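Got a predicted structure plus its sequence, pasted below:
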Amino acid sequence: MVGPSVGAARKVVVPTAQSSQEQSFDVVVVGGGPGGYAAALYGGRKGLRVALVEKDKVGGTCLHRGCIPAKELLETAAVYRTVKGAKEFGVGVEGVTVDFSATQVRKRKVIDTQHKGLQGLLKKCKVTTFAGTGSLQPGRVVRVEAADGSVTEVTAPAVLLAAGSVPRTIPGFEVDGRFVLTSDEVLDMERLPATAAVIGGGAIGCEFASMLSDMGVKVTVLEALPSILPGVDKDVTAVVVKSFAKRGIDIKTGVRVQGHEPAADGASTAVRYSSPQGGEEAVVVEAVVVSVGRRPYSDNLVAPGCGVEVDERGFVKVDDLLQTSAEGVWAIGDLVATPGLAHVGFAEAMVVVDQLLGKDPVPVDYDKVPWCVYTFPEVAFAGLSEDAAREAGYDVVTKKDPFVGNGRAAIIGETEGVVKLIAEKLPDGRAGRILGVHMAGPWVTEQLGQGYLAVNWEATADEVAQFVQPHPSLSEVFGETMLALAGRGLHVG
């Protein structure tokens, strides 16, 4: 077992401030986001005495300023898009509009319901929650400073750091909440701008671009790399690029933003950027969405003398079981240089708590975790892309097939998309082990499960092709593509 046993809490005697109170637990979790609350719930259910420190609200960025509110707004966009296209189904609808303030009310209702449910679960698992900013002190003491300035110190033989992340910013685009916005401000907008520039064409930037465009905003995406959605298989990215272009989203890749100057009318600003050819251009918009990723929120998290190493980018250094360089201290989620996904935080939390319970957990295989992008069309994948597989030295065989021939896709009126499979090529040229499953299209984020299992169980094309798919269903595209990869294709080419 890695780290100290937590069969009984060990109180560490350290000098404390006169105003402080001290309490002892089996494990102290700093941060109440997905990784932190997952560790608290799992540990509590297993009988550990858990303290959870959170400066804002349990649920963290994911619940309050990230995954949940973003997907709620994307769902509003989907409903609006569907209603506008209702005439194709013989349903007459006139005068369709978006009341963005009303969708914000619904968003907050969704968040509040989830938040109350999470609070109830924590209480049921007998997790003690401390409201305040936590910082690790020497001797595995966590100092909790509340909003009123009072201090509580909690101790345990095990400490889990899960403080999460905050949006990155870039020079020349200081966030003012009026013209320049990060994800935090976008998710709280009460009205939609007429025009917007999204700086950053990664998953979050593309989600915002898709959502805003579907609700009538003229969107320009500015991406420094040669393509949007870096890391996504090129054939899947091509589907999104084509859809964005058809909907009027202007994608500019290979550009570098220089800054912006508010216009004299006070209602817009000009975003300057350099083109790939070296010239300078500008786009005038009412809002600038800075979506260039997130950075670990490790500021003032670890006091000197704790023995926890933090790299130059702010990430806490850990081993493959998430233990830091300090005995009895672990770190998970956005604090560590692993995929910044909520479900990765869940998995990491369980790896840590299993160690505290004396188990021998399997480290998370980050190369095979599921990824989902909730644009229209959606993107979902697990495992290696074709290019990544070749770069890793694999001789591969691939198969891709579109959604256009799928009966269910035709019924719902969403035929844009593709399923692409990457497999290791056997000596006889046939497809062997599945290395990657990559999809773009309708509800592929809900279809990824069988592809994820195929990749992680290292199944072969022949084995997965034996699975029977329901008809008519969107998942038939995956099944048909797998049959074709195994040399048994029916409806696909």
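It's in.

per-domain residue ranges of this structure.
21-63+104-166+295-367, 180-292, 377-485 (automatic domain parsing).

Which among these is found nearest to residue 90?
domain 377-485 (12.0 Å; C-beta to C-beta). To be clear about C-beta, it is placed using only N, CA and C from the backbone, and glycine gets the same treatment.

Ends of the closest one, what's the gap?
24 Å (C-alpha to C-alpha, to the nearest Å).

Just send the domains of the chain back as CSV, with mean neighbour count too.
Formatted as CSV, the domains of the chain follow (neighbours: other C-beta atoms under 10 Å):
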stretch, mean neighbour count
domain 21-63+104-166+295-367, 20
domain 180-292, 19
domain 377-485, 20
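
Please name whichever of the ones you listed is nearest to residue 91.
Of the domains of the chain, nearest to residue 91 by C-beta to C-beta is domain 377-485, at 11.8 Å.

what is the mean pLDDT for that closest one?
Average pLDDT, domain 377-485: 97.

repeat for stretch 352-361
Mean predicted lDDT for stretch 352-361 stands at 97.

With stretch 209-223 instead?
pLDDT averaged over stretch 209-223 gives 97.

CA-only coordinates of that stretch in PDB, if you can.
Provided in PDB are the C-alpha atoms of stretch 209-223 (Å, rounded to 0.1, in the frame of the first residue of the first chain):
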ATOM      1  CA  ALA A 209     -18.900  28.600 -31.100                       C
ATOM      2  CA  SER A 210     -21.500  25.900 -31.900                       C
ATOM      3  CA  MET A 211     -23.900  27.000 -29.200                       C
ATOM      4  CA  LEU A 212     -23.700  30.700 -30.000                       C
ATOM      5  CA  SER A 213     -24.100  30.100 -33.800                       C
ATOM      6  CA  ASP A 214     -27.100  27.900 -33.300                       C
ATOM      7  CA  MET A 215     -28.800  30.700 -31.400                       C
ATOM      8  CA  GLY A 216     -28.200  33.300 -34.100                       C
ATOM      9  CA  VAL A 217     -24.800  34.800 -33.200                       C
ATOM     10  CA  LYS A 218     -22.300  35.400 -36.100                       C
ATOM     11  CA  VAL A 219     -19.200  33.600 -34.900                       C
ATOM     12  CA  THR A 220     -15.500  33.800 -35.900                       C
ATOM     13  CA  VAL A 221     -13.100  31.100 -34.400                       C
ATOM     14  CA  LEU A 222      -9.500  32.200 -34.200                       C
ATOM     15  CA  GLU A 223      -7.100  29.200 -33.700                       C
END
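
And the strands in the stretch 351-493 of the chain, which stretches?
Here the stretch 351-493 of the chain has its strands, by DSSP state E, counting those that start in this stretch, at 370-373, 378-383, 396-402, 418-425, 431-441.

Repeat that for the stretch 1-150 of the chain.
21-24, 27-30, 50-54, 128-131, 133-137, 141-145.

Pick out the shakiest of the ones you listed, pLDDT-wise.
Taking the mean pLDDT of the strands of the stretch 1-150 of the chain, strand 21-24 comes last: a mean of 76.

Got the phi and psi for the residue most central in space within the chain?
Centroid-nearest residue in the chain: residue 341, 3.8 Å away (criterion: C-alpha atoms, centre = their mean). Per-residue torsions, residue 341: phi -120, psi 140 (degrees, to the nearest 10).

separation between it and residue 324?
Residue 341 sits 21 Å away from residue 324, taking C-beta to C-beta, to the nearest Å as the criterion.
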